[in-house]
Each structure stands twice: as C-alpha cells, then as structure tokens.
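> Quick one, structure for this:
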Amino acid sequence: MAGSGGRFFFWRFLAPGHWWQSHPFSLSAEPSPGRGTAPGKLRITVRKLGAGSARLAHIKPGTKVAIEGPYGLFSTAARSRNKVVMIGAGIGITPLRSLLETTPFQPGHATVLLRGHDESELFLGQEIMALCQARGVTLFHLTGPRSSGTHAWLPHNAVENGFGLSSYAPDIADADVYVCGPAPWAASVIRDVRSAGVPAEQLHYERFDW
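Residues are numbered from 1 along each chain as shown. Next comes the predicted model:
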C-alpha cells in the first residue's frame, strides 16, 4: 500500500452505533508497513464537524475497522512534472501532509500553501512545517478573513496588497498541482490555477466536502 498517502478510504468502525455507517477519510500519513509480528499502520485525522465525526472520538482503541480503498488521485502516481504545488484548506490540509512524506522532488522544487481563518485551522501545521524544513519546501501560511470576488480563496489582506497565486508559486504552470479543501473554496483555487496556464492533466483535485 506504499504510495497511497493522501488517497482516501471508506472506513467502517465495527462498534455499536458505528458499524452501519462508512466514512470517507484520507490518509494523513504514508502507510507504515508491518515488521515481524507487528502490524502495519494507517493514519487518519478527523475534524469534529458534526455529530457523526464527534462520536468517533469515543471509539475505544482496539476496535476493528473495515476499510475499502484506496481511491482518489492524491498519490505520487499522478505526478508528471518535476515541480509540485500543494494547496489545501481546513481538514483538506491533512492529505497534503502525507504527500509531503514520500512525493519525489528536489529541494526547492515544491511549494505548499495552507489556508485557514487562523493558525488553529492549519491542521497538522507543525508536522507539515517540519516536513517542509527537512525537504526544502517553500511553505506559506495564508490566514485571515476571506476575500471576495475573483480570488475568493485567498485572505482579504493578501488580495488587498496585490498578492495572487503567481506571487506564491511563480512557476506553477510547470508543476503538478494538488488542491484539497471545501468545494466552493477549491473551485476558486482551480479557476486561478487554470488561469495561470496549468493544463488539466497537471491538476489533481480531491473533494473534501462529503
């Protein structure tokens, strides 16, 4: 299952009150293989968005889980260029963290843009920062109230100061671009990405609004 980091599975937790419902969650870390008698591990990061996700916090360790997958385009197999740009918002940031672990690129050839209303919404932000520092990735934290109009995915203060997508990723047309976040926000990102000259085959988008 190596190389599946960032792709999503359907998870069914076999516990009372949970077994009947499956949840689509992306991996937030590259799968770790088992060694000897020790089993391998899959990691997900769940945001409390409603009653269903809130109940998952009470599932006991050791509960059996049925999974189906992996699905989606968020994997190293989708790469076609040497450079890569990753853009995520909210809980859609978590699959980018797993991609950063093993996606091949040279230092200086990757850029990551994380969007949140404030730093608390940059999920796994410290882990991502550590990976970026270790791998030579340019990282931007884009926080603050949202803008309106053409570049609605950016913070208001960035747009007011004349910043756009090319300000953060000037070589984006020659990069694979991964976008993950809520559908309306991602649609705004994708419009800017396509306007920057990125062909469809270099754009990899995962919905995160199930």
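
> which secondary element of the chain has the worst mean pLDDT?
The least trusted helix or strand in the chain, going by mean pLDDT, DSSP states H and E, turns out to be helix 51-56, with a mean of 70.

> average model confidence for the helix or strand that that helix is followed by?
Proceeding N to C from helix 51-56, the next assigned helix or strand is strand 65-71, under DSSP states H and E. The average pLDDT for strand 65-71 rounds to 90.

> Can you get me the centre-to-centre distance for strand 65-71 and its chain?
Mean C-alpha position of strand 65-71 versus that of the full chain (Cα atoms, centre = their mean, to the nearest Å) differs by 18 Å.

> packing partners for that strand?
Under the contact definition 3 or more Cβ pairs under 8 Å, 6 or more residues apart in numbering; DSSP states H and E, strand 65-71 sits against strand 8-13. Yep, even glycine has a C-beta here, placed from its N, CA and C like the rest.

> List the buried residues of the next helix or strand after the strand it packs on.
Of the helices and strands lying after strand 8-13 in sequence (DSSP H and E), the nearest is strand 23-26. Going by neighbour count (16 or more other Cβ atoms under 10 Å), the buried part of strand 23-26 is 23, 25, 26.

> ok, residues contacting strand 23-26?
If you take Cβ atoms under 8 Å, 6 or more residues apart in numbering as the criterion, strand 23-26 is touched by 6-12, 44, 46, 52-53, 56, 72, 74, 94-95, 98, 180, 206, 208, 210.

> Stretch 103-113 now?
Under Cβ under 8 Å, 6+ apart, the answer for stretch 103-113 is 76, 79, 82-88, 96, 100, 128, 132, 135-140, 142, 168-169, 172, 175.

> Report the buried members of those.
Buried members of those, counted by 16+ other Cβ under 10 Å: 76, 79, 83-88, 96, 100, 128, 132, 135, 137, 139-140, 142, 168-169, 172, 175.

> Show me where this protein has its helices.
51-56, 94-102, 125-135, 156-160, 165-168, 183-195 (DSSP state H).

> Out of those helices, which is the most enclosed?
Among the helices of the chain, helix 94-102 has the highest mean neighbour count (mean count of other Cβ atoms under 10 Å), at a mean of 25.

> helices and strands around that helix, which ones?
Using 3+ Cβ pairs under 8 Å, 6+ apart as the contact test, the elements touching helix 94-102 are strand 23-26, strand 83-89, strand 110-116, helix 125-135, strand 175-181.

> Could you pull up the mean pLDDT of the shortest one?
When pLDDT is averaged over strand 23-26, the result is 88.

> got it, and the third one?
With pLDDT averaged residue by residue, strand 110-116 scores 97.

> what residue ranges in the chain score low on pLDDT?
The chain contains residues with pLDDT under 70 at 1-4, 48-53, 207-210.

> how does it look with 90?
1-8, 15-27, 30-42, 44-59, 61, 69-80, 90-92, 102-103, 146-151, 206-210 (pLDDT under 90).
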